[in-house]
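*Asks:* Build the 3D model from these lines:
(chains A and B)
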Amino acid sequence: MPDIITIVDIVLLALLSITAVAILMMRHLFAVVALTGAFSLLSAGLLVTLDAVDVAFTEAAVGAGISTVLMLGTLALTRRRESRPPRLSPIGLLIIIITGAALIYATPDMPKFGDPNAPSHQHIIPSYIKGSQDEIGIPNIVTSILASYRSFDTLGEVAVIFTAGMGVIILLGRRREDEHGYSEDVAAYPLVDEGKLEIDDEAET
Amino acid sequence: MRHHLVLRVIAKMLIPFILLFGLYVQFHGDFGPGGGFQAGVIFAAAFILYALVFGDDQARKVVPDKALIVLVPLGLILYAVTGFYGLFLGGNFLDYNVLLNSPKAGQHIGIFIVELGVGITVAAVMISIFRAYAGRTRAIDDEDW
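*Replies:* Residues are numbered from 1 along each chain as shown, chains lettered A, B, ... in the order given. Modelled structure (predicted):
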């Protein structure tokens, strides 16, 4: 009788596979976006069974929440149906099968899950686990690594998020205040026809 | 979305709890799971939910664009300034040990400020990105979906 975590893992992975196949089959992009959100939520559940609660948090909030909303926003700007169904390419299928088989072949060589003697757990992790208590005094080791030991990396990550946000704001944002707003690329989409007409009227006066 | 009564009532009930949970994840990140990034995303999710249900214009009254454009760099600056402050006090860049009298107290306050910076920038960026998308389309009728 396998333990309960194994059963939960099998169920979650089966649901993940079903969702992935359904995403591949769907042509209506609204349903695809909804299923992508479900996929993220299932991944978050899987991460919880791996005791990676911090990552599960992020996956649930970003993957299932915000990115789903952003995908819907993108759909509103473009079309909601995939234009042409992709054809099944035999070469692509062959490459995927070979790569997948190689990955599965390599899996038994990996250290067992949670093995304390695994190389990745031997290098610097013991000193982090010890130091988090002695040097930093914070129970959550993930936080002490992210914010203190690897503070430099986190600063870089925040800078990346800042840059990404600024890029989107500069490229897409500030449309309403923009006097010349609704550039041609936006006008090309049927949804904003009215907006384009308004701008044209203003341009003539 | 004026006629979606159930959505409006449930969203109104949920949003305070989402915000509170965001604050908990932010300030309890030293002890439990979570931290600045997760808290920022959860906090932003509450504002995005508000904008989805009550409309983008209404949400812009709650957090104006001008406030967002200040908050996006503020978190990053807060983070970097904490690093430089340690440098001025005689430590290394981002060395929290020198921030207060004892190294452990310094680590605590350093991590607290740095995580706050991460949370501010992430929340502001997430809301900004959502607005950049939402601001480009007019409201869509339910039938269009």
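
*Asks:* Contact partners for B:Ala123?
*Replies:* B:Gly22, B:Ala39, B:Gly40, B:Val41, B:Phe43, B:Ala44, B:Phe47, B:Leu71 (C-beta atoms under 8 Å, 6 or more residues apart in numbering or on different chains). (Each C-beta comes from the backbone N, C-alpha and C, glycine too.)

*Asks:* The same query, at a cut-off of 7 Å, please.
*Replies:* B:Gly40, B:Phe43, B:Ala44 (C-beta atoms under 7 Å, 6 or more residues apart in numbering or on different chains).

*Asks:* Not counting sequence-adjacent ones, nearest residue to it?
*Replies:* Nearest residue to B:Ala123, sequence neighbours excluded (C-beta to C-beta, 6 or more residues apart in numbering or on different chains): B:Gly40, at 3.9 Å.

*Asks:* Could you list every helix and strand in contact with whichever strand or helix holds A:Ala38?
*Replies:* Secondary structure from DSSP states H and E places A:Ala38 in helix A:29-49. Counting contacts by 3 or more C-beta pairs under 7 Å, 6 or more residues apart in numbering or on different chains; DSSP states H and E, helix A:29-49 packs against helix A:4-25, helix A:53-58, helix A:67-77.

*Asks:* Nearest to A:Leu93, out of those?
*Replies:* helix A:4-25 (12.5 Å; C-beta to C-beta).

*Asks:* quick revisit: which one of the helices and strands packed on helix A:29-49 lies closest to A:Ile169?
*Replies:* helix A:67-77 (13.8 Å).

*Asks:* Let me know how buried the residue nearest to B:Ala123 is, in neighbour terms.
*Replies:* 30 (other C-beta atoms under 10 Å in any protein chain shown).

*Asks:* List phi and psi for it.
*Replies:* Per-residue torsions, B:Gly40: phi -60, psi -40 (degrees, to the nearest 10).

*Asks:* and it, what is it in contact with?
*Replies:* By C-beta under 7 Å, 6+ apart, the neighbours of B:Gly40 are B:Val118, B:Gly119, B:Val122, B:Ala123, B:Met126.

*Asks:* and these as a markdown table, adding pLDDT and secondary structure?
*Replies:* Formatted as a markdown table, the contacts of B:Gly40 follow (pLDDT from 0 to 100; DSSP: H, G, I helix; E, B strand; the rest coil):
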| residue | pLDDT | secondary structure |
| --- | --- | --- |
| B:Val118 | 93 | helix |
| B:Gly119 | 93 | helix |
| B:Val122 | 93 | helix |
| B:Ala123 | 94 | helix |
| B:Met126 | 92 | helix |
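
*Asks:* Return a ChimeraX selection command for the buried portion of those residues.
*Replies:* The buried residues among the contacts of B:Gly40 can be selected in ChimeraX (16 or more other C-beta atoms under 10 Å in any protein chain shown) with this line:
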select /B:118,119,122,123,126
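
*Asks:* which one among the contacts of B:Gly40 gets closest to A:Val62?
*Replies:* Of all the contacts of B:Gly40, B:Met126 has the smallest distance to A:Val62: 8.3 Å, by C-beta to C-beta.

*Asks:* Could you pull up the residues touching the residue nearest to the closest one when sequence neighbours are not counted?
*Replies:* Distances taken as C-beta to C-beta, 6+ apart place B:Ala44 nearest to B:Met126, at 3.5 Å, with adjacent residues excluded. Contact analysis of B:Ala44 by C-beta under 7 Å, 6+ apart lists A:Ile66, B:Ala123, B:Met126, B:Ile127.

*Asks:* follow-up on the earlier one: how about TSV for the helices and strands packed on helix A:29-49, with mean pLDDT added?
*Replies:* Listed next are the helices and strands packed on helix A:29-49 as TSV, based on pLDDT from 0 to 100:
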stretch	mean pLDDT
helix A:4-25	92
helix A:53-58	88
helix A:67-77	86
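
*Asks:* wait, doesn't B:Phe31 sit right on A:Asn140?
*Replies:* Yes - using C-beta atoms under 7 Å, B:Phe31 is in contact with A:Asn140, at 6.0 Å.

*Asks:* that older thread, of all the residues in the helix holding A:Ala38, which ones are buried?
*Replies:* For helix A:29-49, by 16+ other C-beta under 10 Å, it's A:29, A:32-48.

*Asks:* outside of it, which residues touch it?
*Replies:* A:5, A:8-9, A:12, A:15-16, A:19-20, A:22-23, A:26, A:55-56, A:59-60, A:63-64, A:68, A:71-72, A:75, A:80-82, B:145.
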